[in-house]
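Trainee: predicted model follows, preceded by the sequence.
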Amino acid sequence: MLTLEGENARVFMNQGAMVDLNNSESEGVPTRPVLDAACMAELRALDPDGTAQLVKRVLATYQASLAKLVEQLRVAHADNAWDQVSRVAHTLKSSSASIGALALSALCADIERLLRAGDHAAGGALLAPYHAEVRRVDAAVGQTLQHLEAAAS
């Protein structure tokens, strides 16, 4: 186990990487890993020896698409284009689940459900926690990619 300086972050390496960047949750609520270990293990199982660098390629693709989707959602929200916000949330829900970003996936599912039901106020209210979780996921994916690069060299 490696301890990263600065962000109270723990990185677990086991034939790949899974990052647990602890946020500063209060009121005794335990912190949760940003990327679910079981989901990461499923990804690693598809390329057990790592020769295809599947985990690295999937995470790099996810990180690139995350930046684009976050911007699309921001623009759609600014334009009050709730159908577009819902579509982006739907897309991000699925891709986030596939890499184990389960908290982000759940937030996106809630946003999508509320907006499809026409509750724009409640759906919009979830955008602040959504943006916070996006930052956590992006950092975790970035850290994981760095550690995969370091392990490969």
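Mentor: Now that the structure is in, tell me what you want to look at. Numbering: from 1, shown residues only.
Trainee: apart from its neighbours in sequence, what residue is nearest Ala122?
Mentor: Nearest residue to Ala122, sequence neighbours excluded (Cβ to Cβ, 6 or more residues apart in numbering): Leu114, at 4.7 Å. For the C-beta atoms, the positions are set from N, CA and C on the backbone; glycine is no exception.
Trainee: now Lys93
Mentor: Per Cβ to Cβ, 6+ apart, closest to Lys93 is Cys108, 3.7 Å.
Trainee: surely that neighbour is in contact with Ser95?
Mentor: No. Shown here, Cys108 and Ser95 do not form a contact pair, counting by Cβ atoms under 8 Å, at 9.3 Å.
Trainee: who's more crowded, these two?
Mentor: Cys108 (28 against 18; other Cβ atoms under 10 Å).
Trainee: mind showing which ranges of this protein have poor pLDDT?
Mentor: Within the chain, the set of residues satisfying pLDDT under 70 comprises 1-31.
Trainee: does the residue nearest to Ala122 touch Leu127 like I think?
Mentor: No. The pair Leu114 and Leu127 fails to qualify as a contact (Cβ under 8 Å) at a distance of 10.8 Å.
Trainee: show me where the chain has strands.
Mentor: Assigned by DSSP state E, the strands in the chain fall at 2-4, 9-13, 17-21.
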